[in-house]
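*Asks:* quick one, fold the following:
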Amino acid sequence: MEAITSLSCNTATLAPYVPSAPNPWNVSKVKHVYRRLGFGAAQAAVDAALALSPSEFIDNLVDGAFNLPTTATPFWGNYAVSDFGDFETENEQYILDWRLQSANDFISEDLRGRLTFFWTNHFVTELEVYFYAPYLFQYYNIIQSHCVGNFKDFVHDIGINPAMLLYLNGFENTNFNPNENYARELYELFTLGEGNGYTEFDITETARALTGYNHWSEPGAAIYFDVATHDTGSKTIFNQTGAWDYEDVITILFQERGGEIAFNMCKKLYQFFVSPDVDTMIEQNIIQPLSQTLINNNFELVPVLKQLFKSQHFFDERALGVVIKSPYDVMFHFTNESDFFYDDTLMDAFVYYTGLMGQEIFNPPDVSGWQRDETWINSSTLSGRWILMELYVDYLFVNGHEFSFTDLARDLTNDSNDPEFITRVLVDHFLAKELYTPEDYDIATDIFKWEIPQNYYDEGLWNLSWSEAPFQVSLLLKHIARMPEFQLK
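*Replies:* Residues are numbered from 1 along each chain as shown. Here you go, the predicted model:
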């Protein structure tokens, strides 16, 4: 019997999305963009985007990410070990400081923050392996600098970054003792994809060409190339023979395997930004044209991102609510979409608790990174998500921010006093799709009404200025956070 290949429900094309009466430009689609291309947005940003065309909105996000300056270099960003006063204490503190800075970048930078996070899970290093603050900053800076730039340049620069040289043993790869770790991951994970267009012989020969980045002037300083530890002999890589070095490897890789690289990377971008499910129709009709765009533009990412994000396919209703939120999505989407208070103390807590839920910043589980989607959810991480949301809501309530709950409800409902309407609006505000049944809204409404006698609602006596209203909204927010639909974006 011939095998049956499942087909994607989303059959829309890469043609630009043009709003129409049956397919309008609305709040739902703007939120979809912000949830996928950033970490959500407050209602004011959503309203502002509605005044733009979809094409203008995407241009603003992509061009804004491209033009945004990198985060300022901290004073210790290029330290060597000898520059520290008390290395053990200061190094650990600077790492904590940079984790906090990075999280603040992610939550506030829209597409640049989202792409920076994406690429740290592609060009993976594990902080716990090298645990050195200056190398963490330098790695982050490379990611930020290239995240919306040229992918070929990105691949070149990340491979000789100190964090990567230490993590994948490039620092140990010499003509006397070759180490194949980075050569293998360069092909398997970073460019071509597992088993796609390379051989074990290519890996061995490439490792020889990558030798020589083995020295620093002192521990923790910049790592530099030394011809004395470089294999100067002839190597054959992808059937090209010569006395190749690092520069040659990147040139030959993109020259001989550009098509495979483009397809693999466009597939990864699609799975991250649109849907983890890819079938042959998606490969043929979406990913292959995107990869051709990448090739035609000499591996510049901007044209590909704009083509995908402006497309009917990206804006199709069947693209909404099909990706499971990461731990950072859960926290940051809620914070941005509510516009609730947070400061560095709370951000430290967010970073800590998202780590407990399986997403420790700069520490993916291994070189293949977080596998995302279904792997985010199990019985312990799901309850952890609920607890974290409840802790945040309770913290705000007892620390003088309880009226931000009713402020949110007022802003979204035009200060309605109808509990059913308020409930529906708040539920829909935080979800990618409406609840499945009217009964689901009824349950949420009952929770919101709390212990207020029904006659106060019936007679129009209750309103959001009641002293009990902030607590009622907090109950509803906690209920929303436990909805299965809340876990989707």
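
*Asks:* for residue 134, give its distance to residue 87.
*Replies:* For residue 134, the distance to residue 87 equals 11 Å [C-beta to C-beta, to the nearest Å]. C-betas here are computed from N, CA, C, even on glycine.

*Asks:* the more surrounded of these two?
*Replies:* A count of neighbours by other C-beta atoms under 10 Å puts residue 134 above the other of residue 134 and residue 87, at 26 against 16.

*Asks:* list the buried residues of the host helix or strand of residue 293.
*Replies:* Using DSSP states H and E, residue 293 sits in helix 288-296. By 16 or more other C-beta atoms under 10 Å, the buried positions in helix 288-296 come out as 288-291, 293-295.

*Asks:* could you check the angle whichever helix or strand comes after that helix makes with helix 288-296?
*Replies:* Heading C-terminal from helix 288-296, the first helix or strand you meet, by DSSP H and E, is helix 301-309. Going by axes from the mean of the first three to the mean of the last three C-alpha atoms, to 10 degrees, helix 301-309 is angled at 160 degrees with respect to helix 288-296.

*Asks:* so which strand or helix has residue 236?
*Replies:* strand 235-237.

*Asks:* packing partners of that strand?
*Replies:* When contacts are defined as 3 or more C-beta pairs under 8 Å, 6 or more residues apart in numbering; DSSP states H and E, strand 235-237 packs onto helix 200-209, helix 246-273.

*Asks:* let me have the ones you listed in TSV, extended by mean pLDDT, distance to residue 339 and mean neighbour count.
*Replies:* Shown next, in TSV, are these (pLDDT from 0 to 100; distance: least, C-beta to C-beta, whole Å; neighbours: other C-beta atoms under 10 Å):
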stretch	mean pLDDT	distance to residue 339	mean neighbour count
helix 200-209	98	49	20
helix 246-273	98	24	19
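
*Asks:* out of those helices, flag the one nearest residue 33.
*Replies:* When those are ranked by proximity to residue 33, the top entry is helix 246-273, at 10.1 Å, counting by C-beta to C-beta.

*Asks:* that closest one versus helix 288-296: what angle between them?
*Replies:* Going by the same axes, to 10 degrees, helix 246-273 makes 150 degrees with helix 288-296.

*Asks:* and the pLDDT for residue 380?
*Replies:* Note on residue 380: pLDDT of 86.

*Asks:* contacting residues for it?
*Replies:* Counting by C-beta atoms under 8 Å, 6 or more residues apart in numbering, residue 380 makes contact with nothing.

*Asks:* is it in a helix, a strand, or coil?
*Replies:* State at residue 380, reduced to three classes by DSSP: H, G, I helix; E, B strand; the rest coil: helix.

*Asks:* elements contacting the helix or strand residue 55 falls within?
*Replies:* In the assignment (DSSP H and E), residue 55 maps to helix 54-67. Under the contact criterion of 3+ C-beta pairs under 8 Å, 6+ apart, helix 54-67 touches helix 27-37, helix 111-120, helix 301-309.

*Asks:* export the second one as PDB, just CAs?
*Replies:* Going back to what we said before, that points to helix 111-120. Presented in PDB, the C-alpha positions along helix 111-120 are these (Å, rounded to 0.1, in the frame of the first residue of the first chain):
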ATOM      1  CA  LEU A 111      11.500  41.200  16.300                       C
ATOM      2  CA  ARG A 112      15.200  41.900  17.200                       C
ATOM      3  CA  GLY A 113      14.600  40.400  20.700                       C
ATOM      4  CA  ARG A 114      12.700  37.400  19.200                       C
ATOM      5  CA  LEU A 115      15.400  36.700  16.600                       C
ATOM      6  CA  THR A 116      18.200  37.100  19.100                       C
ATOM      7  CA  PHE A 117      16.500  34.400  21.200                       C
ATOM      8  CA  PHE A 118      15.900  32.200  18.100                       C
ATOM      9  CA  TRP A 119      19.500  32.300  17.000                       C
ATOM     10  CA  THR A 120      20.800  31.500  20.500                       C
END
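
*Asks:* ok, the closest residue to residue 131 other than its chain neighbours - contacts?
*Replies:* Nearest residue to residue 131, sequence neighbours excluded (C-beta to C-beta, 6 or more residues apart in numbering): residue 95, at 7.1 Å. Going by C-beta under 8 Å, 6+ apart, residue 95 touches 127, 131, 133, 136.

*Asks:* repeat that for 10 Å
*Replies:* Contacts for residue 95 (C-beta atoms under 10 Å, 6 or more residues apart in numbering) come out as 127, 131-134, 136-137, 362.

*Asks:* so where's the protein uncertain?
*Replies:* Within the chain, the stretches with pLDDT under 70 are 1-8.

*Asks:* kindly report the domain assignment for it.
*Replies:* By the assignment in automatic domain parsing, the chain contains the domains 64-319, 324-489.

*Asks:* okay if I get those domains as CSV plus distance to residue 20?
*Replies:* Converted to CSV, these look like this (distance: least, C-beta to C-beta, whole Å):
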stretch, distance to residue 20
domain 64-319, 11
domain 324-489, 20
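
*Asks:* picking that back up, wait, which of the buried residues of helix 288-296 is closest to residue 99?
*Replies:* Nearest to residue 99, judged by C-beta to C-beta, of those is residue 294 at 31.9 Å.

*Asks:* wait, that closest one sits on residue 261?
*Replies:* Yes: with contact defined as C-beta atoms under 10 Å, residue 294 and residue 261 form a contacting pair (8.4 Å).

*Asks:* so what sits against both of the two?
*Replies:* With C-beta under 10 Å, 6+ apart, residue 294 and residue 261 have common neighbours residue 151.

*Asks:* now do the same end-to-end measure for stretch 62-71.
*Replies:* End-to-end distance of stretch 62-71: 18 Å, with C-alpha to C-alpha, to the nearest Å as the criterion.

*Asks:* okay, buried residues for that stretch please.
*Replies:* With burial defined by 16+ other C-beta under 10 Å, the residues of stretch 62-71 counted as buried are 62, 65-66, 68, 71.

*Asks:* quick check: the farthest pair among these?
*Replies:* 62 and 71 (19.2 Å).

*Asks:* hang on, the earlier thing: strand partners (parallel or antiparallel) of the strand holding residue 236?
*Replies:* strand 240-242 (antiparallel) (DSSP bridges).

*Asks:* now what about the strand it pairs with, what contacts it?
*Replies:* Contacts for strand 240-242 (C-beta under 10 Å, 6+ apart): 205, 209, 234-236, 248, 251-252, 255-256.

*Asks:* what values do phi and psi take at residue 150?
*Replies:* Dihedral angles of residue 150 (phi, psi; degrees, to the nearest 10) stand at phi -100, psi 120.

*Asks:* measure how buried it is and give me the count.
*Replies:* Residue 150, neighbours per other C-beta under 10 Å, totals 16.

*Asks:* make 52 the starting number, not 1.
*Replies:* Got it, first residue is 52 now, which makes that one residue 201.

*Asks:* relative to residue 352, how far out is it?
*Replies:* 7 Å.

*Asks:* which residues are common contacts for these two?
*Replies:* Residues touching both residue 201 and residue 352 (C-beta under 10 Å, 6+ apart): none.

*Asks:* give the contact list for the closest residue to residue 92 other than its chain neighbours.
*Replies:* Once flanking residues are discounted, residue 92 sits nearest to residue 85: 4.0 Å by C-beta to C-beta, 6+ apart. For residue 85, the contact set (C-beta under 10 Å, 6+ apart) comprises 91-93, 96-97, 100, 108, 112, 161-162, 165, 384, 387-388, 540.
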